[in-house]
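> no sequence on hand, only this structure:
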């Protein structure tokens, strides 16, 4: 099940995937470097490339906006590079 309507060419991650990622980010006590690595791994497993520098920025922004599923979706859309 996808949580938002998809625009053509825009990846939409499932609510379940985003919830699992959010839980891992919030409960594991990761620093920004580790959170960026987790985000990078999340995208890589799904066939996307990602800049580690951009992933660190996204980790900070996700944390600052309270890690809502919508904000995570938006940040991941910005990061996901088609391979």
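Happy to help now that I have it. Here the structure is a predicted model, which means the values were calculated and not measured.

> next SSE downstream of the helix or strand harbouring residue 61?
Using DSSP states H and E, the secondary-structure element containing residue 61 is helix 52-64. Towards the C-terminus, the helix or strand next in line after helix 52-64, according to DSSP H and E, is helix 69-79.

> now that following helix against helix 52-64, angle please.
Regarding helix 69-79 and helix 52-64, their directions subtend 170 degrees when assessed with axes from the mean of the first three to the mean of the last three C-alpha atoms, to 10 degrees.

> buried stuff in helix 69-79?
By neighbour count on 16 or more other C-beta atoms under 10 Å, the buried set for helix 69-79 is 69, 71, 72, 73, 74, 75, 76, 79. Using the backbone N, CA and C atoms, a C-beta is placed for each residue, glycine as well.

> so who does the first one touch?
Contact criterion C-beta atoms under 8 Å, 6 or more residues apart in numbering gives 3, 15, 18, 19, 22 as the residues in contact with residue 69.

> for residue 58, same thing?
When contacts are counted by C-beta under 8 Å, 6+ apart, residue 58 is found next to 36, 39, 75, 76, 78, 79.
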